[in-house]
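Fold the following for me, if possible:
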Amino acid sequence: MNILPKTDLDFDQLAGKVTESFFSGESSLTDGVIKVAQDLELNPEQTRRLVEKTNTIATVRMLKTAQDRKAEFALAGVDEVLNKTHSDKEDLEISKEASEQAGPAFFPNRRKDRRFEQVSFPRLEKVASEAPENPLPAIFRLERDLAALKQEKLASELKAQDGLDFLISEFSKYKSPDFSKFAGEAVTLFGETAELVLPKMAEYLNEKPDLEKVAYVVDDSTVLLQKFAGVVNDIHRIAELGSEIGETQQKLENSWRAAKDGPYKNR
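Coordinates of the predicted model:
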């Protein structure tokens with residue numbers, strides 16, 4: 001389900017292929033994820049994302065199709081996959097450290113991303129600042145800020161999608177909660193944002209709830225509504241970051257233009 005904007009990789013499609021290979025008997029979920037991660041040279045955070053997405057899709061499919069609702073199967077293991085795909089312990093330590101420092105919405109490790117390859121903003125700022133009346137330090141700071149904003153936006157998108165995946169899996173279970181009741185309570189609590197998300201969830205679940213507010217006092221402490229609240233907060237943050245990225249991008253373009261028309265005009 002793709003409610004959020006696309007990131008660089010279509011994890012739904014990749015995880016779907018891994019799951020299809022598993023159910024056709026071609027490979028285990030773990031082996032399938034390992035192959036995709038190695039073929040695409042995914043970084044540790046992208047690999048973790050693929051493991052989570054694959055396990056969610058496989059679980060939902062099993063619950064929908066298996067005659068025995070208690071049937072068990074081996075999910076893909078994050079540690080097992082990373083031990084195969086990222087033997088470089090430094091990579092994993094950097095990814096782990098970033099996760100611990102930034103909390104639940106940590107920045108994905110983009111160290112191997114070509115867009116940020118061999119870029120050291122502090123070093124560039126230091127070198128550039130040695131020249132008198134040099135506009136480059138400010139430009140490099142904007143470049144750094146823009147990169148950080150884009151990483152935070154990607155992390156927020158993945159976090160929100162993870163929350164939606166959790167909700168989808170809960171409502172796909174045997175004897176699942178009443179989705180119509182949940183939808184009404186969500187609209188009551190979160191208004192227009194809920195009305196944007198719930199139709200997509202309903203379509204995926206083959207439900208047709210009436211998105212009307214309920215008349216009673218909603219208990220917002222339930223697990224499902226707490227999870228939905230997190231998704232709503234992430235969606236709001238994604239919108240804010242989109243605006244900040246646009247403003248920073250404009251400042252950066254203006255700064256480059258000023259630099260070309262100023263000290264660097266004849267260089």
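
how far does the strand or helix carrying residue 242 sit from the chain's center?
Here residue 242 sits within helix 223-261, counting by DSSP states H and E. From the chain centre to the centre of helix 223-261 is a distance of 14 Å (C-alpha atoms, centre = their mean, to the nearest Å).

Tell me, how many residues neighbour the residue lying closest to residue 199 once chain neighbours are set aside?
Using C-beta to C-beta, 6 or more residues apart in numbering and skipping the chain neighbours, the partner closest in space to residue 199 is residue 211 (7.5 Å). For the C-beta atoms, the positions are set from N, CA and C on the backbone; glycine is no exception. Number of residues near residue 211 (other C-beta atoms under 10 Å) recorded here: 14.

returning to that earlier point: quick one: buried residues of the helix holding residue 242?
Using 16 or more other C-beta atoms under 10 Å as the test for burial, helix 223-261 gives 224-225, 227-235, 237-238, 241, 245, 248, 252, 255-256, 259.

Look up the pLDDT of residue 141 for me, please.
pLDDT, residue 141: 86.

phi, psi of it?
Per-residue torsions, residue 141: phi -60, psi -40 (degrees, to the nearest 10).

how far away is it from residue 151?
16 Å (C-beta to C-beta, to the nearest Å).

between the two, which one's more packed in?
Neighbour comparison, residue 141 and residue 151: the larger count goes to residue 151, with 20 against 16 (by other C-beta under 10 Å).

Can you name the helix or strand that that one falls in?
helix 136-171.

chain center to the strand or helix carrying residue 20, what's the gap?
Assessed by DSSP H and E, residue 20 sits inside helix 11-23. Relative to the centre of its chain, helix 11-23 is centred 18 Å away, using C-alpha atoms, centre = their mean.

For that helix, output the C-alpha coordinates as PDB.
Extracted C-alpha coordinates of helix 11-23, given in PDB (Å, rounded to 0.1, in the frame of the first residue of the first chain):
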ATOM      1  CA  PHE A  11       9.900  -1.500  -0.900                       C
ATOM      2  CA  ASP A  12       6.400  -2.700  -1.600                       C
ATOM      3  CA  GLN A  13       7.400  -4.100  -5.000                       C
ATOM      4  CA  LEU A  14      10.700  -5.600  -3.700                       C
ATOM      5  CA  ALA A  15       9.100  -7.200  -0.700                       C
ATOM      6  CA  GLY A  16       6.300  -8.500  -2.900                       C
ATOM      7  CA  LYS A  17       8.800 -10.300  -5.100                       C
ATOM      8  CA  VAL A  18      10.600 -11.900  -2.100                       C
ATOM      9  CA  THR A  19       7.200 -13.000  -0.700                       C
ATOM     10  CA  GLU A  20       6.100 -14.500  -4.000                       C
ATOM     11  CA  SER A  21       9.400 -16.500  -4.300                       C
ATOM     12  CA  PHE A  22       8.800 -17.800  -0.700                       C
ATOM     13  CA  PHE A  23       5.200 -18.900  -1.400                       C
END
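
on that earlier part again, against which helices or strands is the helix holding residue 151 packed?
Counting contacts by 3 or more C-beta pairs under 8 Å, 6 or more residues apart in numbering; DSSP states H and E, helix 136-171 packs against helix 44-65, helix 121-129, helix 192-205, helix 223-261.

Just confirm residue 225 contacts residue 218, I think it does.
Yes - contact criterion C-beta atoms under 8 Å: residue 225 and residue 218 qualify, at 7.3 Å.

so what sits against both of those two?
185, 189 (C-beta atoms under 8 Å, 6 or more residues apart in numbering).

Count the neighbours of residue 9 for me.
Neighbours of residue 9 using other C-beta under 10 Å come to 14.

Excluding chain neighbours, what is closest to it?
residue 46 (6.5 Å).

Return the per-residue confidence for that neighbour.
So, for residue 46, pLDDT stands at 85.

Could you check how far it is from residue 221?
Separation of residue 46 from residue 221 (C-beta to C-beta) stands at 34 Å.
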